[in-house]
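> model this:
(one chain, ligands or ions: 1)
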Amino acid sequence: MTKKINIFSNHYDISEKVTERLIQEFKLHGYEANENFSPDADYNVVIGGDGTFIKACHDSDFSDIPFIGINTGHLGFYQEVPANNVELMVSRLINKEYQVQDIKLIDCSVFTEENSYNFLSVNEIVLKAKYTNIIHFNMYVNDILLQSFAGDGVIFSTPSGSTAYNLSAGGAMLYQALDGFQITPMAPIRSSLFRSLDKSLVVPSNTQIKLITRKREETFSSLGVDGMLQEFEDINYINITMSDKTIKKLVFDENWYWKNIKEKFI
Ligand code: NAD
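Numbers count the residues shown, from 1 in each chain. Model prediction:
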C-alpha cells in the first residue's frame, strides 16, 4: 500500500514552491504527498505560519496523525522547520529522528436555551465584549463561585497558547508540557463595586470552570476560539476544562522549545 502524507498549506507563493519540492522529495522515498486529507496517512505536514498550523488542527478535526510545521509565515511559533531545509526534514522523518510532543487542548461547551455547542482550541478560548461594553459573569471553579467578573473579558489559554493572546494580555508563558491551563483577565474592574480577579490564575487540567451570565438580559458578547469568532444570542452557561485529546507534534531538535522562546520572545 502507498504510504501517504497529508499536506496543509496557506497557498502563498512561497508555500506553493515548498509544497512542490516536498511532494518530489517524499516521492523519492515512496510516499504520496497531497492536500486531500487521508485518515490513514503517516504525517500531517503544515506549510505556512501559526494561523495555518491552527487551521490545520481544526480542519482535520484535531487529527491523531502527528503534525510537522514548515515555516513560511512570520513568527512560526508552531513551525519548527525552516522553508529552506525540507530535504533534511524528510530524511530525518523517514529515519524517525524526532520526538513526539503533545499539544494540550482546551474544551469549551456552550449551552443555550435550545442547544449545546462544543469547541476545542489549540491556543485559547476568549470571552469578550463585542463593542466597548463591559461584560459581567460569575465564574465557578469546581462548583465554587470564585469571582463575579466585570471587565473586557477573560482568556482561557492552553500551555502552548500562553505565548499568544494570553501573553499580550499580561499572562505568563506556561511551559508547553505543564498539565494545566491559564485564566487571564482583560481589563478587569476592581472597585468598591466589582472585585474581578486582576491577575492570571494557573489551574490543574482537571479543573472545571463554569461561567454564568449575571444579568438575565445580557449574553456573553463574543466567543473567540483560536481567533475565530463564534456568536450566540442566548447563552445560559459555558463550561471550560482541559480536553483529554491532544495534538501530536513532531520536534526534530530536542531543545526547540527553549530556542523558540529565546528567539521569538526574549
Ligand atoms: P493572526 O494572523 O492575526 O496571528 C496573530 C499572531 O499570533 C501571529 O503573529 C502568530 O504568529 C501569533 N501566534 C499564534 N499562535 C501563537 C502561539 N501559540 N504563540 C505565540 N504566537 C502565536 O491570526 P492567526 O494566525 O489566525 O492566529 C490566531 C491567534 O491570534 C489567536 O489564537 C490569538 O492567540 C492571537 N491573537 C492575539 C491577539 C493579541 O496578541 N492581542 C489578539 C487577537 C488574536
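
> what about this structure, any weak spots by pLDDT?
Counting by pLDDT under 70, the chain contains low-confidence ranges at 215-221.

> How about the residues of it by the ligand?
Neighbours of the ligand within the chain, by CB under 6 Å from any ligand atom: 49-51, 54, 74-75, 77, 123-124, 160-161, 163-165, 168, 226-227. (Glycine included, C-beta is placed from N, CA and C.)

> Produce a PyMOL select command limited to the buried residues of those.
A single PyMOL command selects the buried members of the residues of the chain next to the ligand (16 or more other CB atoms under 10 Å):
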select buried, resi 49+50+54+75+77+123+124+160+161+163+164+165+226
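
> residue closest to the middle of this structure?
Nearest to the geometric centre of the chain sits Val122, at 1.7 Å (CA atoms, centre = their mean).

> pretty sure that one is touching Asp226, no?
Yes: in this structure Val122 lies within contact range of Asp226 using CB atoms under 8 Å: 5.5 Å.

> Now for these two: what residues contact both?
Residues touching both Val122 and Asp226 (CB atoms under 8 Å, 6 or more residues apart in numbering) are Ile54, His58, Gly161.

> Confirm for me that Ile183 is in contact with Phe156.
Yes: counting by CB under 8 Å, Ile183 touches Phe156, with 5.8 Å between them.

> Now do the shared contacts for those two.
Common contacts of Ile183 and Phe156, defined by CB under 8 Å, 6+ apart, comprise Ile209.

> rewinding a little: list the contacts for the residue nearest to the centre of the chain?
Counting by CB under 8 Å, 6+ apart, Val122 has contacts Phe53, Ile54, Cys57, His58, Ile103, Leu105, Thr158, Ser160, Gly161, Asp226, Ile247.

> separation between the residue of the chain most remote from its centre and the ligand?
Distance from the C-alpha centroid of the chain, by CA atoms, centre = their mean, peaks at Ser192 (35.9 Å). Ser192 is 30 Å from the ligand, where distance means CB to the nearest ligand atom, to the nearest Å.
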